[in-house]
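A.B. asks: Next input, structure requested:
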Amino acid sequence: MKLLNVEVVLNRNRGFQQARHKSEVMKELDDTTTSYAILSHRWGAEVSYKEMIGLMKMEEEDREEITQRHGYQKIVKSCEQARKDGYKWLWVDTCCIDKRSSSELSEAINSMYRWYQNARVCYAYLHDVGESTFPAQQNDKFGKSNGWPEWFVRGWTLQELIAPEEVKFFNKNWVPLGNKRHLASTLNHITGIPCEVLTNGLARQGLCVAQIMSWAAGRKTTRVEDRAYSLMGLFGVNMPMLYGEGKMAFHRLQLEIIRKSSDQSIFAWKPRMPRTGSVLAEDPGDFRDCGKIRKVEPGEFLGELVEYIERKRLGSARYIQRINPIHLCRLAWLRWRARALSQQLCMFNVSNAGIQVCLPVVPLPNSPSHSRAILACTYGPGLIPIDLISTGPSFDRIPDIHTIPKTYPEFKTLYLAHHQDVNEKCRKFILDDNYASYCGFNRCATYPRDFTGDTFTLSSLTGDLIVVVYSNSDATSYFAVGLGYHYGQGWVHVEYDGCSPIQEERWTNFGRRAYDRLWETRAKHARDMSRHGREYYGNYFIKHAHLPRSIWAARVVWGRWEREDFKVMVDVIECPGCCDGPCSIETTFNCWSGLAMPGFMSVVHFSYSLELDERPVRAIECSGEQIALGDYGDYFQHGNLVPSGNVFDDMRAAGFDLEDSTYCPVVSPIFGSDFEKRMDWMKNQDDPAVVHHIIWKTRLALHQPKAISLASKEHILLLLKASSTRLAGKCLVTTIIQCSDFYTVGEDGKRRDSANGSEPDSGNSSAEARILTPLCIIACPQVWSTEPLCMQRREQLKSIREHFYALVHTHHPRLSTGTEPFDQSAVCQTTM
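C.D. replies: Numbering: from 1, shown residues only. Next up is the predicted model:
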């Protein structure tokens, strides 16, 4: 290792003019035979190896700039303290490693724990402590570091606290604050490291992997990779540095530990946010609550397992009594198996198939693919289990399932997955909540993780859930939408509280409560979805929930939108109390193919197949009255739309500027069906597109065709939402197909007269020369759909009205005699 010569550094600092240029400021020495001091500190404006070596050769201005840095002053003060303590050599990580050399940097990181361990003394410099006493309690002035000096939350300083036999603490003015032996109790309170480790070192303490990992759970590093690299020395492993690999560094670290140790506590991590996949943790933070985990030695494991069986009452209830001979025989069998597999129980084998390990396994009820493995480590009085799911040849870790198994464990050799194929196990979701904003409801929180934009991913394997909280502008009504995947089945549900929480804890805490409730019932919601129908392309489900003490109801529409993706629409409608909460799931159909439409649309009828922007769509022939884009009205079969208005006319009457690009229709090129690509004669035609009839198999040639569609923009979405009450049950022309000429053709390409009425008579023509509209797309917007009141609710409302009017007539007899006018037309209309 390269060490600083304390005397040379101090002589340079006293007078650069008198210092000898040939004096070596740094020398490479053996750390096992040299007495040296070492510095531990938080990085700031530091001095590099190149600057330290070339300091004497610099121009005075450049040298002055370096020597004024806080990092250089730390080096000088460390040298002064080292000389005072009788040491000639000092190591400082900022200037004793030539970071321009990747090999030297890798060697230094792999050797750093040993270098700190072999140092005679370590100076821990607390740059943010101004007092002359060591901070014994948390203080708000250290708010960015959990109330303690920043040195205690940095990743690299963990090994720098544990490895040296002696650590001396100094404040920012280099006033001594004490050493780690005298401060062991306080340091234990700050770091969670046992006093025995602080006073006697890490060796021979019998600590498990999970416990050591817990000390690093709350620490931070500038580079993500350093969270793993800074722990190598604590576990006695080495591995190459690959900056840029991100969290894979911690993944590699765990595999290296597994290759060296058979400590099963490395699987005992518990993340704050449930997730599915690899049995390896993603981050040291997953071990945050593992500080009291203890490793169970092979000779103790069997006794702990028997206690676990009896404490959890595993096995049939009639066998559980200790005097029962069948129960005793099963325990004897387990003891014999444990002795026979003693070698396998202490071994790990890592391959691309997974981590091979032998564990006692209990199958979980009602699911042959789920099981609970029992680890050879304890937390408190009992062994620690983890839940697994079989994914073919290997097992994935899943969040804890709250169920009580009743069978005895069996020793099995498992392959535990240590990597995850994100593309295979994740599904993308697109959240469309523009409609909710029309009624003043906006997204105000998400739990357990944030996501930006309208896209997020969930694990398609099992147990993934995200909750989105919505509230109106005056915060009197709010609800949460839970979106989840449970064992390959997507589900959605609406949650709300029966009472209004106080303002301070409203959104995030409400989201947490909703998350907890939905997490417990996720299996039920997934089963309800699967019973109702599979998620085919085009199918989508509707859930409706009335918000208590309000006129609002949340409506959530869910279904496949694009291949392997899902789209969820959240809407809020006025609800007069037609429901008592979430109703049964309703299924309808959505146009999943074609151009992007403004919201969920159900195409009412189609007959011709074509491509718009190279995407397959289906259209219907126009007949009867002139059809224009944006027309709405009542639809009858075979393309007969009776227009009663036009959304663009309504906008113009309301004062909208239709020249604004926001409302401009989208023009798309048209391509024929696949039949067109197979016809050689089409190559000689001038710009035709051939579309075929789905039923009659006839072909329609369109000359100079183009499609004009409603824009899929937020303003159009809100416009449709605004007219949902007035236009309930109506249909809308979302796309028109225009051309200069059209006619039916045969396979030979010759024009034919229509013999079966499949060709539109003349199409809708405009006043402009030869602009015809033979085809269009007519759909029913989801926000315009109406739901009939169920018969049970009709009868309930009728009974309420009759009871109400009976009370009125009792207190006001004149109303029943006709002496006072009373309009009961509403009653008649409602009860019909």
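
A.B. asks: average pLDDT for stretch 705-721?
C.D. replies: Averaged over stretch 705-721, pLDDT sits at 82.

A.B. asks: what comes up buried for that stretch?
C.D. replies: 705-711, 713, 716-721 (16 or more other CB atoms under 10 Å). From N, CA and C alone the C-beta is placed, and that goes for glycine too.

A.B. asks: and if you look at stretch 54-72?
C.D. replies: By neighbour count on 16+ other CB under 10 Å, the buried set for stretch 54-72 is 55, 63, 66-67, 71-72.

A.B. asks: Quick one: end-to-end length of that stretch, please.
C.D. replies: Start to finish, the residues bounding stretch 54-72 are 14 Å apart (CA to CA, to the nearest Å).

A.B. asks: Ok, stretch 206-225 next?
C.D. replies: 27 Å.

A.B. asks: repeat for stretch 10-30
C.D. replies: Taking CA to CA as the measure, stretch 10-30 stretches 23 Å from start to finish.

A.B. asks: Could I get the full set of helices for the stretch 201-350 of the chain?
C.D. replies: Listed in chain order, the helices of the stretch 201-350 of the chain (DSSP state H, counting those that start in this stretch) span residues 209-215, 226-229, 232-235, 248-260, 298-312, 325-340.

A.B. asks: Using PDB, list the CA coordinates for the last one.
C.D. replies: Extracted as PDB, the C-alpha positions of helix 325-340 are listed here (Å, rounded to 0.1, in the frame of the first residue of the first chain):
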ATOM      1  CA  PRO A 325     -47.600 -42.500  18.700                       C
ATOM      2  CA  ILE A 326     -48.200 -41.300  15.100                       C
ATOM      3  CA  HIS A 327     -46.900 -37.800  15.900                       C
ATOM      4  CA  LEU A 328     -43.800 -39.300  17.600                       C
ATOM      5  CA  CYS A 329     -43.200 -41.500  14.600                       C
ATOM      6  CA  ARG A 330     -43.300 -38.500  12.300                       C
ATOM      7  CA  LEU A 331     -40.800 -36.700  14.400                       C
ATOM      8  CA  ALA A 332     -38.500 -39.700  14.600                       C
ATOM      9  CA  TRP A 333     -38.700 -39.900  10.800                       C
ATOM     10  CA  LEU A 334     -37.700 -36.200  10.500                       C
ATOM     11  CA  ARG A 335     -34.700 -36.800  12.900                       C
ATOM     12  CA  TRP A 336     -33.500 -39.800  10.800                       C
ATOM     13  CA  ARG A 337     -33.900 -37.800   7.500                       C
ATOM     14  CA  ALA A 338     -32.000 -34.800   9.100                       C
ATOM     15  CA  ARG A 339     -29.100 -37.100  10.100                       C
ATOM     16  CA  ALA A 340     -29.100 -38.700   6.600                       C
END
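
A.B. asks: Please name every helix or strand in contact with that helix.
C.D. replies: Helices and strands touching helix 325-340, by 3 or more CB pairs under 8 Å, 6 or more residues apart in numbering; DSSP states H and E, are helix 298-312, strand 410-416.

A.B. asks: Which one of those has the poorest average confidence?
C.D. replies: Among the helices and strands packed on helix 325-340, helix 298-312 scores lowest, at a mean of 85.

A.B. asks: what sits up against that helix?
C.D. replies: With contact meaning CB atoms under 8 Å, 6 or more residues apart in numbering, helix 298-312 is reached by 296, 314-315, 320, 322, 331, 334-335, 338, 342, 345-346, 360, 374, 376, 378, 381-383, 404-405, 408-409.

A.B. asks: From those residues, list the buried ones, please.
C.D. replies: Among those, those buried by neighbour count (16+ other CB under 10 Å) are 296, 314-315, 331, 334, 338, 345, 360, 374, 376, 378, 383, 405, 408-409.

A.B. asks: Go through these and name the one with the lowest pLDDT.
C.D. replies: Ranked by pLDDT, the buried ones among the contacts of helix 298-312 bottom out at G315 (69).

A.B. asks: Count the residues that sit near S644.
C.D. replies: As a burial measure, S644 scores 11 neighbours (other CB atoms under 10 Å).

A.B. asks: Ok, I257 next?
C.D. replies: Based on other CB under 10 Å, the number of other residues close to I257 is 22.

A.B. asks: now do L414
C.D. replies: Using other CB under 10 Å, L414 has 19 neighbouring residues.

A.B. asks: Skipping its backbone neighbours, what lies nearest it in space?
C.D. replies: The spatially closest residue to L414, leaving aside those adjacent along the chain, is F395, at 5.4 Å (CB to CB, 6 or more residues apart in numbering).

A.B. asks: beta partners for the one you found?
C.D. replies: Taking DSSP bridges as the rule, F395 bridges to S390, L416.

A.B. asks: so it makes contact with Y415?
C.D. replies: Yes: between F395 and Y415 there is a contact under CB atoms under 8 Å: 6.8 Å.

A.B. asks: Between those two, which has more neighbouring residues?
C.D. replies: Taking other CB under 10 Å, F395 and Y415 do not tie; F395 has more neighbours (27 against 17).

A.B. asks: Now do the contacts for the more buried one.
C.D. replies: Applying CB under 8 Å, 6+ apart, the residues near F395 are 279, 354, 371, 373, 388-389, 414-417.

A.B. asks: and which of these is nearest V494?
C.D. replies: Each of the contacts of F395 was checked against V494 using CB to CB; the closest is I389, at 27.8 Å.

A.B. asks: and the buried residues of stretch 54-72, which two are the farthest apart?
C.D. replies: R63 and G71 (14.3 Å).

A.B. asks: Partner strands of whichever strand or helix holds K543 and their direction?
C.D. replies: Using DSSP states H and E, K543 sits in strand 539-546. Taking DSSP bridges as the criterion, strand 539-546 forms sheet pairs with strand 552-560 (antiparallel), strand 586-589 (antiparallel).

A.B. asks: any idea which of those scores lowest on pLDDT?
C.D. replies: strand 586-589 - the lowest mean pLDDT of the strands paired with strand 539-546, at a mean of 49.

A.B. asks: Quick check: phi and psi at the residue nearest to I162 when sequence neighbours are not counted.
C.D. replies: Closest residue to I162 apart from its sequence neighbours, by CB to CB, 6+ apart: L202 at 5.7 Å. Backbone dihedrals for L202, given as degrees, to the nearest 10, come out at phi -80, psi -30.

A.B. asks: All good on my end, thank you.
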